[in-house]
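> Model the structure of this input:
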Amino acid sequence: MDYQTITTREDGGIGIVTLARPDMMNALNRQMRAELTHALKDLASRVRVLVLTGEGRAFCSGQDLGDGGSAADIDLERTLREEYEPMLRAIYDAPVPVICAVNGAAAGAGANLALAADVVIAQDDAVFIQAFSKIGLIPDAGGTWFLPRQVGFARAMGAMLFAERITAQQAVDWGMIWETAPAGAFETLWMARARMLADGPTVAYRNIRRALRDSLSNPLNTQLELEARLQAEAGKTRDFKEGVLAFLEKRPASFEGR
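Residues are numbered from 1 along each chain as shown. All right, here's what the predicted structure looks like:
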């Protein structure tokens, strides 16, 4: 498929998707949402880690309010259900780990697009803004689900009511993202993180994601049962056998993702 609003590339088990409307600060229009959903699903079927990033000075400024005529005429419920939800699901439900490399401002739906990933790495001058209340809306694109789970109820409420900028360092301190790096080291860092995951035990990573997510709603007994089932699955993989052997032989493991 030829994409007009994004670019994609593969690098040794890493699938990289780049938002590519830099003149519009990578604002999400209808075409970009469709292309992003397709690209993520397509790449996830053959790579071992996905990276989502942006081109230019912003990661994503959120909804393109000029897309399709007057903003007041947008059917917001339909747009969220039919366009945003599949895009977010393509990230959250991906069968491989997803890194979001936030290269600049992430505002509105752009901030919550980033938070849908498993790990967020930001350039140190990046900012996150729950900008919705500034135009009389509530946070969407999963923000009311992702953010309180990451930073707690009080911080999520303040971020959404006041719509103030959250710096990259503040986001790290709050537990909202994993780490930051200066511009000169940013791509090197997220590529190194992606390479580590691409070379790692894919089944174990999938089960870690499942266990942590389910732990947010499971009682202890249910979670212990889930751990046992997922561990049994991981224990049957070639990667587990290789990991143990490499440990005993005091050498780096060579995982195959199975």
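
> secondary structure element for the residue nearest the centre of the chain?
Compute the mean C-alpha point of the chain, and by C-alpha atoms, centre = their mean the closest residue is A117, 1.8 Å away. According to DSSP states H and E, A117 maps onto no helix or strand at all.

> so what pLDDT did it get?
Note on A117: pLDDT of 98.

> Same question for the one 4 residues further on.
On the pLDDT scale, I121 is placed at 98.

> which residues does it contact?
By C-beta atoms under 8 Å, 6 or more residues apart in numbering, the contact list for I121 reads 99-102, 177-181, 186, 189-190, 193. To be clear about C-beta, it is placed using only N, CA and C from the backbone, and glycine gets the same treatment.

> Share the number of residues neighbouring the residue lying closest to it once chain neighbours are set aside, please.
Counting by C-beta to C-beta, 6 or more residues apart in numbering, I121 lies nearest to W190, which is 4.8 Å off, once chain neighbours are set aside. Using other C-beta atoms under 10 Å, W190 has 26 neighbouring residues.

> Point out where the stretch 1-150 of the chain drops to low pLDDT.
68-73 (pLDDT under 70).

> just the helices in it please.
30-44, 76-79, 85-92, 109-115, 143-151 (DSSP state H, counting those that start in this stretch).

> Pick the most deeply packed of these.
helix 109-115 (a mean of 28; mean count of other C-beta atoms under 10 Å).

> Give me the residues contacting that helix.
Contacts of helix 109-115 (C-beta under 8 Å, 6+ apart): 26-28, 52, 58-63, 84, 87-88, 91, 100, 102, 106, 120, 128-131, 139-143, 146-147, 150, 176-177.

> Try it again at 6 Å.
28, 59-63, 100, 102, 106, 120, 128, 141-143, 146 (C-beta atoms under 6 Å, 6 or more residues apart in numbering).

> same thing with stretch 167-186?
For stretch 167-186, the external contacting residues (C-beta under 6 Å, 6+ apart) are 119-124, 126-128, 150-151, 155, 189.

> One more pass at 10 Å, please.
Contact with stretch 167-186 is made by 53, 99-104, 106, 111, 114-115, 117-128, 146-147, 149-152, 155-156, 159, 164, 166, 187-190, 192-193, as judged by C-beta atoms under 10 Å, 6 or more residues apart in numbering.

> State the pair within the contacts of helix 109-115 that is farthest apart.
Greatest spatial distance in the contacts of helix 109-115: Q63 and V120, 19.9 Å, computed using C-beta to C-beta.

> Would you format the helices of the stretch 1-150 of the chain as TSV with distance to T202 included?
Formatted as TSV, those follow (distance: least, C-beta to C-beta, whole Å):
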stretch	distance to T202
helix 30-44	12
helix 76-79	34
helix 85-92	17
helix 109-115	23
helix 143-151	24
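
> out of the ones you listed, nearest to E233?
Closest approach to E233 among these (C-beta to C-beta): helix 30-44, 19.4 Å.
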